[in-house]
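Engineer: below: sequence and its predicted model.
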Amino acid sequence: MDKYHNRVEWKHKIRGYILDVDENDQSKLLVFFRPTFEEELNDSGNRFKTVILRSLVKGALFTCHGHPLSGHAGRSKTLDRAKHLYYWPRMDCDVRH
């Protein structure tokens, strides 16, 4: 199986896991990040990312883009910041809009 298919399979598993999470069960709001490509490793070495529920996406985007300490970066820098800390389905699309 090539790298692309491994990546798609991994994202599909995570997406299913997120959709099954009860918002009141906070123990399931972290996922272990297993990068399939070397460039997906983040600088801190932190392999845990917070899973952002759909209801919390706006707050996460504000933290990465709109907060005074975030520097009001452009789309690509905001997306990099978000991917460094969080995971949620359709992240790329949400940052673009």
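Structural biologist: Cool, the structure landed.
Engineer: could you point out which element follows the helix or strand of the chain at the bottom of the mean pLDDT ranking?
Structural biologist: Ranking every helix and strand in the chain by mean pLDDT, DSSP states H and E puts strand 30-32 at the bottom, with a mean of 55. For strand 30-32, the following helix or strand on the C-terminal side (DSSP states H and E) is strand 48-51.
Engineer: buried ones in that next one?
Structural biologist: 49, 51 (16 or more other Cβ atoms under 10 Å). C-beta coordinates here come from the backbone N, C-alpha and C atoms, glycine included.
Engineer: C-alpha coordinates for that strand, CSV please?
Structural biologist: Provided in CSV are the C-alpha atoms of strand 48-51 (Å, rounded to 0.1, in the frame of the first residue of the first chain):
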residue,chain,number,x,y,z
PHE,A,48,-0.9,14.2,20.7
LYS,A,49,-3.4,16.6,19.1
THR,A,50,-6.6,17.8,20.5
VAL,A,51,-9.7,16.7,18.6
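Engineer: tell me the mean pLDDT for the helix or strand following that strand?
Structural biologist: Remark: after strand 48-51, the chain's next helix or strand is helix 57-61, criterion DSSP H and E. Regarding helix 57-61, the rounded mean pLDDT is 87.
Engineer: elements contacting helix 57-61?
Structural biologist: If contacts are counted by 3 or more Cβ pairs under 8 Å, 6 or more residues apart in numbering; DSSP states H and E, helix 57-61 sits against helix 75-85, helix 91-96.
Engineer: E9: which of the ones you listed is closest?
Structural biologist: For the helices and strands packed on helix 57-61, the distance to E9 is smallest for helix 91-96, at 17.9 Å, taking Cβ to Cβ.
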